[in-house]
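A.B. asks: fold the following.
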Amino acid sequence: MKRLYSIIILCAFALSLTACFSKQYMITTTAGETYTANGSPEYDVQTDTYKFEDDDGKKVILNQEDIQVIKEK
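C.D. replies: Presented below is the predicted three-dimensional model:
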């Protein structure tokens with residue numbers, strides 16, 4: 001039983017380290033809204049949009065023309 005707890009704790013520690021090393025990006029729109037993207041925003045050439053997941057886990061899609069700046073946090 002102790003071995004199972006040790007494995008669970010080790011896995012949780014590894015996952016927390018992975019989360020610390022993922023990059024975040026601040027995205028500011030021309031309307032003044034600010035989003036925090038977990039990971040690099042993906043640009044879709046066909047639709048001219050950026051897709052990303054915000055801090056709340058919601059998927060956000062923004063038109064390229066509506067974005068003022070994207071910078072690494």
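
A.B. asks: give the contact list for Asn38.
C.D. replies: Counting by C-beta atoms under 8 Å, 6 or more residues apart in numbering, Asn38 touches Ser22, Gln24, Phe52, Glu53, Asp54, Asp55. Placement of C-beta: from N, CA and C, glycine included.

A.B. asks: let's see if you can find the most crowded of these.
C.D. replies: Phe52 (21 neighbours; other C-beta atoms under 10 Å).

A.B. asks: which is the next helix or strand following the helix or strand bottoming out on mean pLDDT in the chain?
C.D. replies: Between all helices and strands in the chain, the lowest mean by mean pLDDT, DSSP states H and E belongs to helix 2-21, at a mean of 65. Using DSSP states H and E, the helix or strand that follows helix 2-21 towards the C-terminus is strand 24-29.

A.B. asks: what does that next one contact?
C.D. replies: Outside strand 24-29, the residues touching it (C-beta under 8 Å, 6+ apart) are 34-41, 50, 52, 62, 66-73.

A.B. asks: drop anything exposed from these.
C.D. replies: Tyr35, Ala37, Asn38, Pro41, Tyr50, Phe52, Leu62, Ile67, Ile70 (16 or more other C-beta atoms under 10 Å).

A.B. asks: using CSV, lay out the residues you listed together with distance to Ser6 and pLDDT.
C.D. replies: Formatted as CSV, those follow (distance: C-beta to C-beta, whole Å; pLDDT from 0 to 100):
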residue, distance to Ser6, pLDDT
Tyr35, 39, 95
Ala37, 35, 94
Asn38, 29, 89
Pro41, 38, 95
Tyr50, 42, 97
Phe52, 36, 96
Leu62, 44, 97
Ile67, 46, 95
Ile70, 41, 95
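
A.B. asks: and of the residues you listed, the nearest to Lys2?
C.D. replies: Of all those, Lys2 sits closest to Asn38, with 34.4 Å by C-beta to C-beta.

A.B. asks: in strands, which of the contacts of strand 24-29 fall?
C.D. replies: 34-38, 50, 52, 62, 67-72 (DSSP state E).

A.B. asks: what's the farthest-apart pair in those residues?
C.D. replies: Asn38 and Gln68 (19.9 Å).

A.B. asks: lowest-confidence entry in the contacts of Asn38?
C.D. replies: In terms of pLDDT, the lowest of those is Ser22, showing 71.
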